[in-house]
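Participant: Sequence unavailable; structure follows:
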């Protein structure tokens, strides 16, 4: 069992930056895939970024490439999502999730454990 806690969300203005954190407890996640997703009311949960903790590979949705960076600190069991040049379309509840095997994918159903989410609001 893996418990995830996200933090770092908030209200910012367009162009600002935020860093989200996802800390895991329960067991080491050195070989897992960690994904970041976001969701707004009435929309499906959307994949944003992911990192494969076993090989360091990352993946991003096109809309955040060049602006967001995902990274992991295995010693702290924490994964970060650095978000720069935020715009109003980045607004949503951000969730981190754990996929136990395979590669980084965008399907929420393939992720076994989820955090409670942290709200990011970008005002224009």
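Facilitator: Yes, it's here. Everything numeric here is computed off the predicted structure, so don't read it as measured data.

Participant: residue contacts, the residue nearest the centre of the chain?
Facilitator: The centre of the chain sits closest to residue 36, judged by CA atoms, centre = their mean, with a distance of 2.2 Å. Each residue near residue 36 by CB atoms under 8 Å, 6 or more residues apart in numbering is listed here: 20, 22, 47-50, 70, 79, 81, 94-97. All C-beta atoms are positioned from the backbone trio N, CA, C, and that covers glycine.

Participant: In the sheet, which residues pair with it? Tell me.
Facilitator: residue 49, residue 96 (DSSP bridges).

Participant: What pLDDT is listed against residue 25?
Facilitator: Note on residue 25: pLDDT of 87.

Participant: can you map out the strands along the chain?
Facilitator: Ranges of strands within the chain are 3-7, 10-13, 18-25, 33-39, 46-52, 58-60, 68-73, 78-83, 92-99, 113-114, 118-123, based on DSSP state E.

Participant: Can you give me the distance of residue 121 to residue 49?
Facilitator: To residue 49, residue 121 is 19 Å away according to CB to CB, to the nearest Å.

Participant: Look at the two and report which has more neighbours.
Facilitator: Applying other CB atoms under 10 Å to residue 121 and residue 49 shows that residue 49 carries more neighbours, namely 25 against 15.

Participant: dump the residue contacts of the more buried one.
Facilitator: 35, 36, 58, 59, 60, 61, 64, 68, 69, 70, 81.

Participant: Please identify which pair of those lies farthest apart.
Facilitator: Farthest apart among those by CB to CB are 35 and 69. That separation is 14.5 Å.

Participant: So between these two, which is more surrounded?
Facilitator: Neighbour count, other CB under 10 Å: between residue 35 and residue 69, residue 35 has more, with 27 against 16.

Participant: my guess is that one meets residue 104, correct?
Facilitator: Yes - assessed by CB atoms under 8 Å, residue 35 is found in contact with residue 104 at 6.9 Å.

Participant: residues shared between the contacts of those two?
Facilitator: What both residue 35 and residue 104 touch, as defined by CB under 8 Å, 6+ apart, is the set residue 50.

Participant: Identify the bridge partners of residue 113.
Facilitator: residue 98.
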